[in-house]
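[1] sequence plus the predicted model coming up.
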Protein chains: 4
Amino acid sequence: MKTKENTARLLISCADRPGIVATVSQFLAAQGANILDSRQHSTDPEAGRFFMRMVFYLDDLINKREALDKAFQSEVAERFAMDYRFSRADRRKRMAILVSKYDHCLLELLWKWQREELEVDIPLVISNHDDLRKMVESYGLAYYYLPLTKDTKPAQETEIDRLLQEHNIDFAVLARYMQILSKNLAEKYSSRIINIHHSFLPAFIGANPYKKAYERGVKLIGATAHYVTDDLDEGPIIEQDVERVSHRDQVDDLVRIGRDIERKVLAKAVQAHVEDRVIIFENKTVVL
Amino acid sequence: MKTKENTARLLISCADRPGIVATVSQFLAAQGANILDSRQHSTDPEAGRFFMRMVFYLDDLINKREALDKAFQSEVAERFAMDYRFSRADRRKRMAILVSKYDHCLLELLWKWQREELEVDIPLVISNHDDLRKMVESYGLAYYYLPLTKDTKPAQETEIDRLLQEHNIDFAVLARYMQILSKNLAEKYSSRIINIHHSFLPAFIGANPYKKAYERGVKLIGATAHYVTDDLDEGPIIEQDVERVSHRDQVDDLVRIGRDIERKVLAKAVQAHVEDRVIIFENKTVVL
Amino acid sequence: MKTKENTARLLISCADRPGIVATVSQFLAAQGANILDSRQHSTDPEAGRFFMRMVFYLDDLINKREALDKAFQSEVAERFAMDYRFSRADRRKRMAILVSKYDHCLLELLWKWQREELEVDIPLVISNHDDLRKMVESYGLAYYYLPLTKDTKPAQETEIDRLLQEHNIDFAVLARYMQILSKNLAEKYSSRIINIHHSFLPAFIGANPYKKAYERGVKLIGATAHYVTDDLDEGPIIEQDVERVSHRDQVDDLVRIGRDIERKVLAKAVQAHVEDRVIIFENKTVVL
Amino acid sequence: MKTKENTARLLISCADRPGIVATVSQFLAAQGANILDSRQHSTDPEAGRFFMRMVFYLDDLINKREALDKAFQSEVAERFAMDYRFSRADRRKRMAILVSKYDHCLLELLWKWQREELEVDIPLVISNHDDLRKMVESYGLAYYYLPLTKDTKPAQETEIDRLLQEHNIDFAVLARYMQILSKNLAEKYSSRIINIHHSFLPAFIGANPYKKAYERGVKLIGATAHYVTDDLDEGPIIEQDVERVSHRDQVDDLVRIGRDIERKVLAKAVQAHVEDRVIIFENKTVVL
């Protein structure tokens, strides 16, 4: 039966060379799997990097998973020195959300989650302010208020880390969380924290991008969703978009227009991550 | 050597069922081919249609082509009841252009052809007016002026058909050719004639779409590139795009703004056709 | 003091002829008013229609309003046979929302209302289903459930009309209200009901536009906000937008992608209406 | 008669205060002028800057121009300390184009000029290479080849300056002219030289923006048309646009996609300049 339980995704990244697609697809066919969707990309067939995402189903997958993984490892992955992972389509990823006072990105995520567009579990929302508690709790979600001062930042981050572990979080989203994560935390959750920056990066890195955009007199403003690295606003970009503005728009207007871009861009990026579409390589993303 | 001569594209369309990707990729691997790029799409893995485009290279392809095609036919294609075709990447398609008096779509194509963005040969340009002769001939291209009246239309179309055959044309582009092709010609060159319609189809089918758009008061206007069928403006859509307009724009402004959309949309559609990216199925296109 | 209380908007529509701007601006200057913003449009200076929106402030406007209106009527409007209206910037329009079961457009409006982006009062939400009651009431708003069958439609519309009157509604928004209003109601609230249609009109008029879009194989889908007339989906268009789709998108995907376009387009149209930016003329809108 | 000869544009920039629109429109009405189009903008009515563009016609304008200008100066402009200029709609601006080896921006301009979309005279094209001579001369235009080495740069710029003066140039367009103008020349032709930069400024300032965009892994690339100042890539932005790219696009693809954005953006910016729609203030543009 082609249920979600029997469907899995396979993500592969390795040095490109002849025979990869044939080997992988033949391996899956030999197991009795049927490929539902497959996308691949190669930076250069001669000496480049090969990326692939395959979605397949396999009867009784739930009982065959471990054996499948083991067989793939020994028969295919080692031969091509692959980075790879299998991911069950029926297993909902566990997503934490970190916010401060702005609610628009948070609401967009909750909204899409509520209507089952975004198929995740949200064990908790963490904030350095208490403002959004009522709203979050109205969705039946747990809200953790972790205030911070300059002195308590390390302790607060320790507590964030503890909560993420306690709730078995797969990844976290900074939905306009107005704090810079320490190098420690950024590295520990490498490739597992998505941030929304309110500019079309690499333009207007850092604080107050809308004010800078106003002062520069740009004719388009944008937003960028990226994985967090310890290099501020320099992580791998997942998604970007822009809207047209004009001389009529003051900073306040840019902030208002920007909110709609931010939530759209963040939601798209999170969706891609949840569906295992994103592979990171050399500080860039391949979105398959 | 990975030269263009040794590179080919394989396009497949068939009923979906398990094992297609494995079989095809294994067949190619067994021949010694290396897959450079592969995209596939399935309308529904249960009882849907499967589409695939593979680009591969194979040493000494030029001498192996016939055997390869024959082997693929008997070993793979028959088994899956495939529609398929191999296409050599080094073989430039032969494209005819039909125009009337407007030059913008024509110029866009010639321009991209001249700078080698559009890798085709253009054996001839045909027009029912003589206006654009000088311009076309300045590019070193042959210009055929085939005037027509109501009475001469069948004869003119016979002459068009004869010229297309004489010049071994692979496909033709109606770059704002202001005549409706007869059912006969449309069917004879089915899937091989691309038209640009100056509206966002299916809105404003038929004549004077910009005037109709003005009268309806739309806030966006568009253009549509599609394959010609004998059903006017109803053929499979390859590409569409739009631009924002406002109450300030009169019909003349829509025509001017529209010109830029038309040439952009037509150029993209022709490019996709030339690179063997388009598969037609049930009056729709899959652009891989 | 340049408070909101002292700020007003003047909307004018009349036959174009020399001297309108001079007369109006001089009239306002003579009253001591200062023009903050002014936009005008003329379809044709020779024999066309002239449209203007002026925002001005005037000390102690609240006490001068009646006299100002009267003086404008006799000194300016009659001379140019103007349709005009003054509108106080501090007076929040009273907006009713009609919904069925889909919540996305409703939520977008409530959200922007809650964050004071949309400066209206919402005295009531009316629905032919009871599904969204809890959500609406959680915003502290009144919810009226008016179920209907074929037989009760006239009675239900009478009740809608009564509620709109009782609550002194300025305008109503059909936020995916899945019923066609009767000619009677449409005419009674002419220019005061905004609908969101889930296609890029005039393409895909009527029911199931996403299904029709899928079947036609379009490469962009859209949404259209328009004033309701008794001619289905033919009213004056206020705002439209589109998003790119591909052969990969099934009907369900179009519905999902479309939701985001619908709420964006409807919110923009409502915003323009609320700010008195929209003038209707000959079944089209001028958005100043 | 409403001929082009009798039509003029008035551009105004001054400190905002009550009565400007009334005074200007009354002045024009008193002269017998009819306002065809008017747009204004104020950065802040309290202590901001006011900008206005009015298009009007006046019988026998050609003989009244000097008197009109004089009267406006003494009756209106001095009172409000206005920067202003009258510009005749029938007078074609004289535009020079500077290019190097890339022809796409040049061709777009020549093409729009040839079809009378761009109503300018082009007395000359200047280049530091001889490559595009034939193409330019085929349009019947003069081509000046001014080669340069590091040592001859000052002499070459002196010659450019001399040619611009000799041909009474109103403004110049750098259509991918791959040389940085000296501070001297940039200042001398301040607000009169338009450049196209092949990135979405302020991202990727300086050389090789497409390579930088590729390396950063952005999901959109863009182009920016701006006035040249002596601060590289920092001048007032007139127009910007972007296109979507993906991990599939190599640097070459970005260059190709970028070409189409560059010519579109540059053409729009030049059009706005030619129609006297652009006012520069504090290193930003107001495009009315």
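    Good, I have the coordinates.
[2] secondary structure class of residue A:125, three-state.
    When classified by DSSP: H, G, I helix; E, B strand; the rest coil, residue A:125 comes out as strand.
[3] who's in contact with it?
    Listed by CB atoms under 8 Å, 6 or more residues apart in numbering or on different chains, the contact partners of residue A:125 are A:96, A:97, A:98, A:99, A:106, A:132, A:136, A:141, A:142, A:143, A:144. Just so you know, the C-beta spots here come from the backbone N, C-alpha and C atoms, and that holds for glycine as well.
[4] then residue A:286?
    A:41, A:51, A:278, A:279, A:280, D:247.
[5] how about residue A:232, phi and psi?
    Per-residue torsions, residue A:232: phi -50, psi 120 (degrees, to the nearest 10).
[6] if you drop the residues flanking it in sequence, what lies closest to it?
    Leaving aside its sequence neighbours, residue A:232 sits nearest to residue A:180 (CB to CB, 6 or more residues apart in numbering or on different chains; 6.2 Å).
[7] isn't the one you found right up against residue A:233?
    No: taking contacts as CB atoms under 8 Å, residue A:180 lies outside contact range of residue A:233: 9.6 Å.
[8] quick one: common contacting residues for those two?
    In contact with both residue A:180 and residue A:233: no residue, using CB under 8 Å, 6+ apart.
[9] which ones are touching the residue most central in space within chain A?
    Nearest to the geometric centre of chain A sits residue A:273, at 4.0 Å (CA atoms, centre = their mean). By CB under 8 Å, 6+ apart, the contact set of residue A:273 is A:171, A:194, A:238.
[10] residues near the first one, how many?
    Other residues within reach of residue A:171 by the criterion other CB atoms under 10 Å in any protein chain shown amount to 19.
[11] please report the distance of the nearest residue to it once chain neighbours are set aside from residue A:97.
    Sequence neighbours aside, residue A:192 is the residue nearest to residue A:171 in space, at 4.4 Å (criterion: CB to CB, 6+ apart). Separation of residue A:192 from residue A:97 (CB to CB, to the nearest Å) stands at 13 Å.
[12] and the two? Which one has more around it.
    The neighbour comparison of residue A:192 against residue A:97 (other CB under 10 Å) goes to residue A:97, with 26 against 15.
[13] quick check, residue A:247 in contact with residue D:282.
    No: counting by CB under 8 Å, residue A:247 sits too far from residue D:282 to count as a contact (11.0 Å).
[14] just to revisit the earlier point, relative to residue C:223, how far out is the residue nearest to residue A:232?
    Counting by CB to CB, the separation of residue A:180 from residue C:223 is 38 Å.
[15] comparing these two, which residue is more hemmed in?
    More neighbours surround residue C:223 than the other of residue A:180 and residue C:223, with 27 against 17 (other CB under 10 Å).
[16] what's the angle from the longest helix that chain A contains to helix C:251-274?
    Taking DSSP state H as the criterion, chain A has its longest helix at helix A:251-274. Put simply, helix A:251-274 runs at 170 degrees to helix C:251-274, going by axes from the mean of the first three to the mean of the last three CA atoms, to 10 degrees.
[17] good, we can wrap up now.
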